Structure formats: C-alpha cells, structure tokens
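> let me see the structure of the following:
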Amino acid sequence: MSGTTGVGNSPARALGGDPPGGGKAMAVWGIGVAVYFVAITYRTSLGVAGLDAAERFHINASALSTFSILQLLVYAGMQIPVGLLVDRLGAKKVLAIGAVLYTIGQFGFAFSSSYGMALGSRALLGCGDAMTFISVLRLGARWFPARRGPLIAQIAALVGMAGNLVSTLVLARLLHSFGWTPTFAASALGGVVVLVVLLVFLKDHPEGFEPPPAPSGHTGIAFIRRQIADAWREPGTRLGMWIHFTTQFPAMFFLLLWGLPYLVEAQGLSRGTAGELLTLIVLSNMAVGLVYGQVIARHHAARLPLVFGTTAVTAALWALTVFWPAAHAPMPLLIVLCLVLGACGPASMIGFDFARPANPPERQGTASGIVNMGGFTASMTTLLAVGVLLDATGDNYRIAFASVFVLEAIGVSQILRLRRRAVRREQERLVVSRVEAVHVPA
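Next up, the predicted model:
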C-alpha cells in the first residue's frame with residue numbers, strides 16, 4: 001500500500017481505510033443480492049420441474065440432465081470472462097447485462113415447445129446467471145470493511161438459497177396448479193422488476209471510495225492473459241477453486257436436478273414429501289451459512305477444518321444412504337442427509353475467503369471467477385455422469401450416485417496438496433501489509 005490516494009482524495013482512502021459499511025451499504029448491496037436471488041430462482045426451477053420437463057419434451061434421463069449440464073457449462077465457462085468484466089466495468093453494468101439475459105432465458109423456457117428451444121433458453125439463462133454472484137462479491141468488497149468479507153459472502157449465498165426455497169415451495173405448487181407456460185412466464189417478471197431497481201438505485205461504490213483509474217496498457221489480450229495468469233499463480237486462488245470444487249457439488253446436483261427423481265423413484269416418497277426434504281436442504285444451508293460466516297470472521301484458522309469436516313460428514317452420510325441394505329433408506333437418515341447437504345454451500349464459500357486475501361483489489365473479480373468455476377465444473381460433471389449411468393444401468397441410483405465419491409477424492413487430494421503453500425503465502429502477505437500500513441504517511 002502506497003501513500004497515494006484514490007480518486008476523490010478522501011481521508012479514509014488516503015489512510016488505506018476500509019469502506020464504512022452501514023445502512024446505505026446494506027441497501028445498495030441488497031439490490032445486488034436481489035438480482036442474485038432471482039437468478040438462483042431461475043437456476044433451480046428445473047429441479048422441481050424435471051419430471052414435468054421429461055414428459056413435456058419426451059426425453060430420457062441423459063437428455064434431461066443435458067438441460068442442467070448445458071446451463072452449468074455456460075455458467076462455468078463464463079466465470080473468468082465475467083470476472084474480467086467486473087474488474088473492468090464494475091458490478092452495476094455486469095449485473096444489468098446478467099438480469100437482461102436470464103430474464104429472456106426464463107421467458108424463452110416458458111414458451112419453449114421443443115427440446116432444442118428449451119436448451120437454448122437454459123443456455124441463455126446460464127449466461128445471465130453467471131454474471132450475478134461475482135458482481136455481488138465485488139459490491140460487498142466495495143461497500144463493506146474487509147473484516148466483514150466472510151460474513152457478507154455467506155449472507156449473499158444465504159439469500160441466494162432463499163431463491164432455491166422459492167423454487168421448491170412456490171414454483172412447484174404453481175406448476176402443479178397452473179401448468180408450464182403460466183408458471184415460468186410469471187416467474188420471469190421478477191427479472192424485469194430487479195433490472196429496473198438496479199438501473200435506478202444501484203451504485204458500484206460509496207462516495208469517496210472510487211477505485212483508481214486503470215493504468216494505461218490495462219486493456220487487450222496481453223493484459224487479460226496476465227490478469228488470469230497472475231490470479232492463477234497465487235496458491236490461495238487455486239486452493240479456493242478446489243475447496244469450491246469439493247464441497248459445493250453434492251448438494252448442487254441433488255437440488256438442481258436429481259434429488260427429486262431419486263427421492264421419488266428410488267426411495268418411494270411422494271413428490272410432496274420429496275419437495276419437503278429438498279426444502280430442508282435449503283433451510284439448513286441458510287442456517288449453517290450464518291454459523292460458518294460468524295465462525296470464520298472470528299477464527300480464521302477454522303476455515304480448513306470446516307472444509308474437511310463438512311466433506312467427511314457428507315461423504316459418510318452419502319455412503320450410508322445410497323448403500324443402505326434395504327430397498328429404501330429410513331426417513332430419519334434421509335432427513336439427516338439433507339441437513340448435512342445443507343452445509344455444502346456454506347463450506348464452498350470458504351474458497352473465496354482464501355482467494356480474496358491472495359489477490360489485490362483490481363484482480364478480485366478474476367480470482368473469484370476462477371474459484372467459482374470449481375464447484376460448477378464438478379456439478380456439471382456429476383449431472384452428466386449420473387444421467388449416463390442411470391440410462392446404462394436401468395435407473396440404478398446406487399451405481400449412479402457413487403460417482404460422487406470419485407470427484408470428492410480428487411478434490412480432497414488437491415486441497416491437501418495446496419493448503420500449506422496457500423496458508424504460508426497468506427501469512428507472508430499479511431506481514432507485508434502490516435509493515436506497509438505502519439509506514440503510510442499521514
């Protein structure tokens with residue numbers, strides 16, 4: 001940190017101070033979170049409509065999984081470009097583009113009469129969805145003090161999961177009562193509302209905390225390559241990506257598509273009961289997210305123990321449920337499994353807390369994009385594997401769901417490989433920043 005001030009020459013910026021936070025910060029950041037909330041509602045809407053989609057478009061398990069695979073493929077592929085856009089254009093512009101794209105995608109899905117048209121709509125939705133979360137993380141970093149970073153990120157994810165709750169509780173009932181087109185078309189109106197609100201009220205940063213202008217030469221392919229390479233070179237970025245990879249996908253693929261068919265077809269539950277269990281995952285996610293955010297904010301060393309603990313318990317409960325000797329697992333076990341799956345999302349957020357201190361502010365979007373690729377790549381891979389294995393084995397969920405353990409093993413091995421290097425690098429940066437802060441001129 002140097003003694004030069006940012007644009008506006010504010011005292012806080014001159015002293016290297018953090019944004020103040022407060023009520024206005026909550027209001028502005030809340031608009032960004034609302035955009036993300038709607039994106040999650042659209043992303044997870046297929047999770048409660050999978051059986052309806054199979055009937056509407058006359059498709060098998062592999063073709064059904066292609067909906068979510070394509071959506072996540074677009075989402076994951078857009079993460080680094082979106083990170084670069086956020087670093088370059090700011091959160092407001094990227095959020096606006098995202099809201100336009102996912103709203104058009106949801107309207108298109110509502111009126112799709114063919115499998116190909118529906119696939120195109122989900123791809124467009126995934127593109128818009130990809131632009132939301134990284135933008136919300138950037139808003140949080142611009143409007144709140146750094147010490148609030150872990151908690152703010154967890155709260156953003158928590159509110160996003162509330163969008164999942166809307167899918168499991170509201171969209172499922174509307175779909176049953178009103179049918180495909182009215183339900184999805186009505187839900188698309190939410191995107192129109194948040195787009196108007198963000199265009200009118202959202203600001204990228206508080207007054208006096210404007211980011212410095214980009215130096216000359218910070219454009220073009222060479223700069224983009226350097227930006228990505230510098231972010232990837234940091235062990236904290238790579239560790240964050242593998243944490244996200246390992247922890248997010250078990251709950252993601254279950255909620256996004258295969259949870260409802262598994263609970264109905266393999267466990268013999270009614271659609272109503274299956275929907276209640278999916279809701280339990282969402283509620284658990286929201287509760288655990290608050291706890292993890294508070295714990296990490298107060299005890300930074302708890303990050304990796306939380307990651308390993310969540311992964312181990314998830315794997316144990318998954319194995320016990322999938323390989324239960326009787327035809328159907330007991331309801332108490334299914335409930336515990338769903339409660340544990342609810343911790344996967346909050347654990348994946350810890351990945352961003354390793355990437356954030358490893359990268360300077362002008363590279364935060366790019367680093368966050370790399371991290372966010374991890375879990376969605378794993379989710380996409382699992383969605384494909386489960387669909388293919390179900391078709392190949394005659395809907396044997398035990399074999400198909402065992403693919404989860406392969407990805408968890410890969411992820412844990414990478415976390416073990418990178419953890420010491422990332423922590424050591426983070427400690428070195430902390431020491432340097434403290435020394436530089438002491439020498440900042442008044």
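
> so, low pLDDT: which residues of the stretch 151-300 of the chain?
211-220 (pLDDT under 70).

> hmm, 80 instead?
161, 164, 168-169, 207-220 (pLDDT under 80).

> helices of that one, start to end?
With DSSP state H, counting those that start in this stretch as the criterion, the stretch 151-300 of the chain has helices at 172-178, 180-201, 220-233, 235-253, 259-261, 271-298.

> how about the ones you listed in JSON lines, adding distance to residue 340?
The C-beta positions use only the backbone N, C-alpha and C, and glycine is treated the same way. Putting the helices of the stretch 151-300 of the chain into JSON lines (distance: least, C-beta to C-beta, whole Å) gives the following:
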{"stretch": "helix 172-178", "distance to residue 340": "23"}
{"stretch": "helix 180-201", "distance to residue 340": "29"}
{"stretch": "helix 220-233", "distance to residue 340": "32"}
{"stretch": "helix 235-253", "distance to residue 340": "9"}
{"stretch": "helix 259-261", "distance to residue 340": "13"}
{"stretch": "helix 271-298", "distance to residue 340": "8"}
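
> for the chain, which helix is longest?
Of all the segments of type helix in the chain, defined by DSSP state H, the longest one is helix 403-438.

> what about it, average pLDDT?
Helix 403-438 shows a mean pLDDT of 85.

> how many other residues sit next to residue 327?
By other C-beta atoms under 10 Å, 8 other residues sit near residue 327.

> deepest in the core, which of the helices of the stretch 151-300 of the chain is it.
Using mean count of other C-beta atoms under 10 Å, the stretch among the helices of the stretch 151-300 of the chain with the largest mean neighbour count is helix 235-253, at a mean of 28.

> dump the C-alpha coordinates for that one into PDB.
Backbone C-alpha positions of helix 235-253 (Å, rounded to 0.1, in the frame of the first residue of the first chain) are rendered in PDB as follows:
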ATOM      1  CA  PRO A 235      -1.800 -20.700  -4.300                       C
ATOM      2  CA  GLY A 236      -4.800 -19.200  -2.500                       C
ATOM      3  CA  THR A 237      -6.700 -18.900  -5.700                       C
ATOM      4  CA  ARG A 238      -6.100 -22.500  -6.700                       C
ATOM      5  CA  LEU A 239      -6.900 -23.700  -3.200                       C
ATOM      6  CA  GLY A 240     -10.100 -21.700  -3.200                       C
ATOM      7  CA  MET A 241     -11.100 -23.300  -6.500                       C
ATOM      8  CA  TRP A 242     -10.500 -26.800  -5.200                       C
ATOM      9  CA  ILE A 243     -12.400 -26.100  -2.000                       C
ATOM     10  CA  HIS A 244     -15.300 -24.900  -4.100                       C
ATOM     11  CA  PHE A 245     -15.000 -27.900  -6.400                       C
ATOM     12  CA  THR A 246     -15.000 -30.400  -3.500                       C
ATOM     13  CA  THR A 247     -17.700 -29.000  -1.200                       C
ATOM     14  CA  GLN A 248     -20.400 -27.500  -3.500                       C
ATOM     15  CA  PHE A 249     -21.400 -30.200  -5.900                       C
ATOM     16  CA  PRO A 250     -23.100 -32.900  -3.800                       C
ATOM     17  CA  ALA A 251     -25.900 -30.500  -2.800                       C
ATOM     18  CA  MET A 252     -25.900 -28.700  -6.100                       C
ATOM     19  CA  PHE A 253     -26.600 -31.600  -8.400                       C
END
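
> off-centre distance for that helix?
Distance of helix 235-253 from the chain centroid (C-alpha atoms, centre = their mean, to the nearest Å) equals 10 Å.

> got the residue ranges for the strands in the stretch 51-200 of the chain?
Using DSSP state E, counting those that start in this stretch, the stretch 51-200 of the chain contains no strands.

> re the thing from before, and of the helices of the stretch 151-300 of the chain, who's closest to residue 87?
Residue 87 sits nearest to helix 220-233 of all the helices of the stretch 151-300 of the chain, at 7.2 Å, using C-beta to C-beta.

> the closest one packs against which elements?
helix 61-89, helix 364-393 (3 or more C-beta pairs under 8 Å, 6 or more residues apart in numbering; DSSP states H and E).

> which one of the ones you listed is the most hemmed in?
The most buried one of the helices and strands packed on helix 220-233 (mean count of other C-beta under 10 Å) is helix 364-393, showing a mean of 24.

> how far away is residue 240 from residue 286?
Plainly put, residue 240 is 22 Å away from residue 286 if you go by C-beta to C-beta, to the nearest Å.

> nope, residue 56 is what I was after
Residue 56 is 31 Å from residue 286, by C-beta to C-beta.

> that older thread, which one of the helices of the stretch 151-300 of the chain lies closest to residue 378?
Short answer: helix 235-253, nearest of the helices of the stretch 151-300 of the chain by C-beta to C-beta, at 3.7 Å.

> between that closest one and helix 364-393, how big is the angle?
Interaxial angle of helix 235-253 relative to helix 364-393 (axes from the mean of the first three to the mean of the last three C-alpha atoms, to 10 degrees): 40 degrees.

> which secondary structure elements does helix 235-253 contact?
helix 303-322, helix 344-358, helix 364-393, helix 403-438.

> try it again at 10 Å.
When contacts are defined as 3 or more C-beta pairs under 10 Å, 6 or more residues apart in numbering; DSSP states H and E, helix 235-253 packs onto helix 61-89, helix 220-233, helix 271-298, helix 303-322, helix 331-341, helix 344-358, helix 364-393, helix 403-438.

> number of nearby residues for residue 335?
Neighbours of residue 335 using other C-beta under 10 Å come to 14.

> the host helix or strand of residue 43 vs helix 180-201, what angle?
Using DSSP states H and E, residue 43 maps to helix 23-44. Going by the same axes, to 10 degrees, helix 23-44 is angled at 160 degrees with respect to helix 180-201.

> buried sites along helix 23-44?
25, 28-44 (16 or more other C-beta atoms under 10 Å).

> how about stretch 301-313?
Buried, per 16+ other C-beta under 10 Å, within stretch 301-313: 303-304, 306-308, 310-311.

> contacting residues for residue 204?
By C-beta atoms under 10 Å, 6 or more residues apart in numbering, the contact set of residue 204 is 28, 32, 86, 89-95, 135, 138-139, 142-143, 210-211.
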